[in-house]
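Visitor: Show me how the following folds:
(one chain, ligands or ions: 1)
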Amino acid sequence: MKFECDMISDLLPLYKDEICSDTSKKIVEEHLAECPACRKIFNDMNDISIDEKIVKEKNEVIDSQAKFFKRKSAFAGSIIALIFTIPILVCFIVDLATGGGLGWFFIVLAAILTASALVVVPLMMKKNRMFTTMTAFTACVILLLAICCIYTGGNWFFVAASASLFGLTVLFAPFIVYRRPVNAYVKNQKGLAIMSAYTVTFAIMMACIGLFVGPAQFFPLAMAISAPLAALAWAIFAAVRYIRANAAVKTGVSILAAGIFSGILSHATAMAAVTTSNTGVTYYSDPWLPLMLSIGSAGLLLTGIGVLFGMIKGGKKNENK
Ligand SMILES: [Zn+2]
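Guide: Purely as a prediction, here's the structure:
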């Protein structure tokens, strides 16, 4: 009987799904009629509520584990925040005791805040973790720069802050845009949002540098160089993102745009650097210009090849889908 039960239990799943032969079906039915143990196994198999119960229990375990770890990480966050306050407190007391003002205290405070933005914030935050951490870090870096600038009596704050803002935006924007809460606002215009963030922070940085070093000498040349490059970046982005055509067409448009803009850029730079002597001979006033233009063109060419490669790969991936 035991040997038979083993065989029947092997057959039961096939029998249940009605994919066994008629002979097997007959054998199983005859056995079920006279064996209560196998009948019970078969009835349990049909009882879907058992599956549901298992899923429910599994979810409850996962939920309670998640809550446990959230509590743990909030606790770890509080401990680290507490440890971080020690140097702040020490500096506060030492600064007061030596009577030299609170300069060092503020610098250490801002530096520790910057560190805790990266360490404590992700541990304490329950949602929007990535967004909050990166925003807090950026704000703290700018605060730190402001305090250092005030303390050292410098006038470089806006240059340093706008450059940091641009650099951190380049670094963080691709991560932030895919996560809450930003992803809800940008929906499927993520590329556009990233490009806009880059352009705005870049423009702010250039404005700050220009005002710092002197607008008259900075802006004409800076605009001549960066405006075509920004336009090129936007043209390639628009071609890749919005043209409804295959990869070869997009690549062609991108390389054409690169060609046009590198031509404009070379011409503008060459015009700026060319001088006509009183004998009527035109020569480059900057002997490095031909070399720089060659390096720039080589860079653009490499970018074009990279774009081409990426598109061929991307195209293949899409074909495989
Ligand atoms: Zn049996």
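
Visitor: near the ion, which residues of this structure?
Guide: Residues of the chain lying close to the ion by Cβ under 5 Å from the ion are Cys5, Cys35, Cys38. Placement of C-beta: from N, CA and C, glycine included.

Visitor: Out of those, who's the most crowded?
Guide: With neighbours defined as other Cβ atoms under 10 Å, the most crowded of the residues of the chain next to the ion is Cys38; it has 21 neighbours.

Visitor: Doesn't that one lie inside a strand?
Guide: No - according to DSSP: H, G, I helix; E, B strand; the rest coil, Cys38 belongs to no strand; its state is helix.

Visitor: Not counting sequence-adjacent ones, nearest residue to it?
Guide: Once flanking residues are discounted, Cys38 sits nearest to Ile8: 5.1 Å by Cβ to Cβ, 6 or more residues apart in numbering.

Visitor: Which strands and helices lie in contact with whichever strand or helix holds that neighbour?
Guide: Per DSSP states H and E, Ile8 falls inside helix 2-16. Applying 3 or more Cβ pairs under 8 Å, 6 or more residues apart in numbering; DSSP states H and E, one finds that helix 2-16 contacts helix 22-34, helix 36-46.

Visitor: what's the least confident stretch among the ones you listed?
Guide: Confidence, taken as mean pLDDT, is least for helix 36-46 of those (a mean of 86).

Visitor: Who are the packing partners of it?
Guide: So helix 36-46, by 3+ Cβ pairs under 8 Å, 6+ apart, packs with helix 2-16, helix 22-34.

Visitor: wouldn't Ala110 be in contact with Cys149 here?
Guide: No - counting by Cβ atoms under 8 Å, Ala110 does not reach Cys149; the two are 11.1 Å apart.

Visitor: Do I have it right that Ala257 meets Ala235?
Guide: Yes - here Ala257 reaches Ala235: they are 4.0 Å apart, a contact under Cβ under 8 Å.

Visitor: any idea how far Ala74 is from the residue of the stretch 101-250 of the chain found nearest the ion?
Guide: Going by Cβ to the ion, the ion is nearest to Lys126 of the stretch 101-250 of the chain, at 52.9 Å. Distance, Lys126 to Ala74, using Cβ to Cβ, to the nearest Å: 8 Å.

Visitor: count of neighbours near Ala161?
Guide: For Ala161, using other Cβ under 10 Å, the count is 21.

Visitor: In which helix or strand does it reside?
Guide: Assessed by DSSP H and E, Ala161 sits inside helix 157-176.

Visitor: for Leu118, same thing?
Guide: Counting by DSSP H and E, Leu118 is found in helix 103-124.

Visitor: got the contact list for Ala139?
Guide: By Cβ atoms under 8 Å, 6 or more residues apart in numbering, Ala139 lies in contact with Ala117.

Visitor: mind checking the longest helix of the chain?
Guide: helix 48-98 (DSSP state H).

Visitor: quick one, domains of this structure?
Guide: The record's domain parsing of the chain by automatic domain parsing lists 72-154, 161-213, 225-321.

Visitor: okay if I get those as TSV plus mean pLDDT?
Guide: Formatted as TSV, those follow (pLDDT from 0 to 100):
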stretch	mean pLDDT
domain 72-154	83
domain 161-213	88
domain 225-321	70
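
Visitor: any chance of these in CSV, plus distance to Asn43?
Guide: As requested, the domains of the chain are exported to CSV (distance: least, Cβ to Cβ, whole Å):
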stretch, distance to Asn43
domain 72-154, 43
domain 161-213, 46
domain 225-321, 44
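
Visitor: Excluding sequence neighbours, find me the nearest residue to Ala163.
Guide: Nearest to Ala163 is Met205, by Cβ to Cβ, 6+ apart, at 5.4 Å.

Visitor: Any figure for the gap between the residue lying farthest from the centre of the chain and Ile27?
Guide: Ranked by distance from the centre of the chain (Cα atoms, centre = their mean), the top residue is Glu34, with 64.9 Å. As judged by Cβ to Cβ, Glu34 and Ile27 stand 12 Å apart.

Visitor: try Asp10
Guide: 12 Å.

Visitor: need the contact list for the residue of the stretch 101-250 of the chain closest to the ion.
Guide: Neighbour list for Lys126: Lys70 [criterion: Cβ under 8 Å, 6+ apart].

Visitor: Can you tell me the SS state at it?
Guide: Assignment for Lys126 (three-state DSSP): coil.

Visitor: distance of it from Ser294?
Guide: 54 Å.

Visitor: same deal with Lys187?
Guide: Counting by Cβ to Cβ, the separation of Lys187 from Ser294 is 43 Å.

Visitor: The two: which has the busier surroundings?
Guide: Neighbour comparison, Lys187 and Ser294: the larger count goes to Ser294, with 11 against 8 (by other Cβ under 10 Å).
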